[in-house]
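Engineer: sequence and predicted model, in that order:
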Amino acid sequence: QVQLVESGGGLVQAGGSLRLSCAASGRTFSSYRMGWFRQAPGREREFVTTISAGGATTAYADSVKGRFTISRDNAKNTVYLQMNSLKPEDTAVYYCAARRIDGSGNYYSTGNYAYWGQGTQVTVSS
């Protein structure tokens with residue numbers, strides 16, 4: 001079991017930056033692939049980015065590639081999402097998610113992540 005708590009959301013102007021953090025409980029954080037997803041009002045939750053358990057590999061949705069960076073610090077049980085050049089269409093609730101490294105299925109589907117945080121709101125004004 002792992003519990004996830006996001007922080008760092010807020011209101012920012014277009015072109016600005018925010019860094020989200022996701023703190024995980026438990027002593028086996030390094031056994032989990034981590035992901036960030038987001039959900040805008042009236043829309044389905046969508047994949048943003050993921051990072052492997054050891055941090056060596058990452059993947060991004062096309063909509064955020066080149067602007068967002070995921071990283072993790074396994075010693076601190078924390079995963080980060082650095083968001084630069086924010087756009088109004090990035091406005092959403094951002095969720096941190098975890099799945100064990102031996103989990104099945106692709107890394108971009110919400111159903112393949114077993115653990116979720118409560119979400120943090122990111123609002124980008126134009």
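Structural biologist: Nice, I can see it.

Engineer: where do the strands sit along the chain?
Structural biologist: Applying DSSP state E to the chain gives strands spanning 4-7, 10-13, 18-24, 32-39, 46-51, 58-60, 68-73, 78-83, 92-100, 115-116, 120-125.

Engineer: now the ones you listed as a markdown table including mean neighbour count?
Structural biologist: C-beta here means a position set from N, CA and C on the backbone, and glycine is covered the same way. Formatted as a markdown table, these follow (neighbours: other CB atoms under 10 Å):
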| stretch | mean neighbour count |
| --- | --- |
| strand 4-7 | 18 |
| strand 10-13 | 13 |
| strand 18-24 | 20 |
| strand 32-39 | 24 |
| strand 46-51 | 22 |
| strand 58-60 | 16 |
| strand 68-73 | 18 |
| strand 78-83 | 22 |
| strand 92-100 | 22 |
| strand 115-116 | 18 |
| strand 120-125 | 17 |
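
Engineer: nearest to Ser109, of those?
Structural biologist: Among the strands of the chain, the nearest to Ser109 by CB to CB is strand 46-51 (7.5 Å).

Engineer: how far off strand 92-100 does that closest one point, in degrees?
Structural biologist: 50 degrees (axes from the mean of the first three to the mean of the last three CA atoms, to 10 degrees).

Engineer: got a list of contacts for strand 46-51?
Structural biologist: Strand 46-51 is contacted from outside by 33-39, 57-61, 64, 68, 70-72, 79, 81, 94, 107-110, using CB atoms under 8 Å, 6 or more residues apart in numbering.

Engineer: how far off strand 18-24 does that strand point, in degrees?
Structural biologist: Using the same axes, to 10 degrees: strand 46-51 against strand 18-24 is 70 degrees.

Engineer: give me the mean pLDDT for strand 46-51.
Structural biologist: Mean pLDDT, strand 46-51: 98.

Engineer: then stretch 61-73?
Structural biologist: The pLDDT scores in stretch 61-73 average 98.

Engineer: and the gap between the nearest residue to Phe29 once chain neighbours are set aside and Arg27?
Structural biologist: Spatial nearest neighbour of Phe29, excluding adjacent residues (CB to CB, 6 or more residues apart in numbering): Asn77 at 4.3 Å. Distance of Asn77 to Arg27, given as CB to CB, to the nearest Å: 8 Å.
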